[in-house]
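In: Please find the sequence and the predicted model below.
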Amino acid sequence: MKSCVGIIGLGSMGASLARNLARHGYKVSVYNRTFEKAEEFVKDNPDDGFVLCRTLEDLASSLPAPRVIMSVITAGSPTKAALEDLSKYLSAGDLVIDCANSFYKDSMALGKEMEEKGILFADCGVSGGKMGALLGPSMMFGGSREAWDLCQGVIKDACAKAKDGEPCAARLGPVGSGHFVKMIHNGIEYALMGAIAEIYDLFRREGFSAEECAQIFKKWDEGDLHSYLIEITGKVLAHIDAKTQKPFVDVLKDETRMNGTGTWTVLSALELGSSAPSVGEAVFERIISSEKELRSAFKPAPAPEISLDSSDAMQALYLASAIIYSEGFDVLEAASRKYDWNLDYSEIARIWEAGCIIRSDFLPKISEAFKKDPSLPSLLAFPAFEKIEEENIQALRRVVARGVLGAVSCAVLESALSYFDELTHPLPLNLLAAQRDYFGAHGYERADEPGFFHTEWEEGGQEVKRQ
């Protein structure tokens, strides 16, 4: 029997992670705020040797020092309250790992509080959903090297393994970095799902059935677009509703919810001065989907017929996906620079290769790009990705144009295209600079002379050079 581990929270993720650890030979002490739920969990898994704990004090008492306890409960105030209560029963050198989808700044604050008590604290992003937590998720660890040394065996046993057998888990930096990287993972996930949905919408508006769309996505999953999200898209589209015998997607409302991590990604990008427009549009699409009163105020407008080339659609989605990944890594770089995290982008891409929701054939390419050039200004500037751009950019333009002309919203695809064009073409912000100087005397920079200038617009138009 390996060393003991504690688990707080037996929701779908916590219960799956506990079973995962037990399967790898760990003696796991389990606690849930509602004791009956913990009791039922242990009863349902009698052969796994779980230690049932009624209180947090019982949990702490059941573990040898130094204790390793993983918290998998609702992020925010529930996590903060539970860990503050737990800390009363811990000793210096014990380690608490927050495995919830917590906001990274909350993790940084909680880490400081725990540090003052002599308790080690880490934040660990866990991606893969319920089945990932059970069979092996991607795990993004943020914490001290001392904390990592104490628990890396546990985490590497529990996590997914890449094709080469390497564990899809790593210490990425100090406290906060683990949940930040997981947040960006989720932001990328939002945008990829949005782009896939828009391509699906274009096919349906052309007249394709759900089953025909399923076959297209299944075929794409066998090629360059191979990914977990493309794979499950084909499966979802082929699923038949047992109640109505209709395609499952056709009995669902055209609205969805979100857990907040996409919104955090957009807000964090803005705060860091980084650009992630495709993530933003994906978040806005979800928001507007749930605005029932607003949407009910409008009648469906007549839509022109559209014709979409399947090859164009595949190429468009391929390039849009590359751009979306690039946006995410741009935000990671901005945070790494601000907080001095020294993130290893090649390693981040590597631990996303298995277990997580955004795993795809892009990740080895991304890992290789940053391994060869860790200081890349943008993923899109790497030669292999420049080739992807050259081969697919016209298809993305045609697909977006067909969507616009066919009255099909393609906000994520459009934003990915616009982001690429903004990187590769001059911007009209010279005009904005002049406007800002006119009404606010904010100044501007000239293209032909260094320095900062202002024009006295209302006093004869004389230009003045500022220091």
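Out: Arrived safely.
In: From His179, how far off is the residue nearest to the spatial centre of the chain?
Out: The centroid of the chain falls nearest to Asn186 when counting by C-alpha atoms, centre = their mean (1.7 Å). When C-beta to C-beta, to the nearest Å is applied, the distance between Asn186 and His179 equals 10 Å. (Each C-beta comes from the backbone N, C-alpha and C, glycine too.)
In: now Gly49
Out: From Gly49 over to His179 the distance is 31 Å, taken as C-beta to C-beta.
In: repeat for Glu386
Out: Taking C-beta to C-beta as the measure, Glu386 falls 32 Å from His179.
In: more neighbours, those two?
Out: For the pair Glu386 and His179, the greater number of neighbours falls to His179 (29 against 11), based on other C-beta atoms under 10 Å.
In: Thought Gly125 was touching the more buried one, still the case?
Out: Yes: using C-beta atoms under 8 Å, His179 and Gly125 qualify as a contacting pair, with a distance of 5.5 Å.
In: okay, and the common contacts of those two?
Out: Residues touching both His179 and Gly125 (C-beta atoms under 8 Å, 6 or more residues apart in numbering): 101, 140, 142.
In: mind checking pLDDT for the spatially closest residue to the first one that is not a sequence neighbour?
Out: This points to Asn101. Once its chain neighbours are removed from consideration, Asn101 has its nearest residue in Ala75; the separation is 5.1 Å (C-beta to C-beta, 6 or more residues apart in numbering). Looking at Ala75, its pLDDT reads 89.
In: do the same with Ser3
Out: The predicted structure scores Ser3 at 61 on the pLDDT scale.
In: ok, now Lys130?
Out: Predicted confidence (pLDDT) for Lys130: 89.
In: how far away is it from Ala401?
Out: Looking at Lys130 against Ala401, where the rule is C-beta to C-beta, the gap reads 40 Å.
In: just Gly440 next, same as before
Out: For Gly440, the distance to Ala401 equals 37 Å [C-beta to C-beta].
In: Between these two, which is the more surrounded one?
Out: Taking other C-beta under 10 Å, Gly440 and Ala401 do not tie; Ala401 has more neighbours (13 against 8).
In: who touches the more buried one in this structure?
Out: When contacts are counted by C-beta under 8 Å, 6+ apart, Ala401 touches no other residue.
In: Secondary structure element for it, which one?
Out: Under the criterion of DSSP states H and E, Ala401 resides in helix 383-405.
In: swap in Val96?
Out: With secondary structure defined by DSSP H and E, Val96 is part of strand 95-98.
In: Any buried residues in stretch 369-380, and which?
Out: For stretch 369-380, burial by neighbour count (16 or more other C-beta atoms under 10 Å) applies to 369-370, 376, 379-380.
In: and the nearest residue to Glu445 once chain neighbours are set aside, how many residues sit next to it?
Out: The shortest distance from Glu445 to any residue that is not its chain neighbour, by C-beta to C-beta, 6+ apart, is 6.1 Å, and that residue is Phe452. As a burial measure, the neighbour count of Phe452 was computed by other C-beta under 10 Å and equals 13.
In: next one: Ser326
Out: Neighbour count of Ser326, defined by other C-beta under 10 Å: 25.
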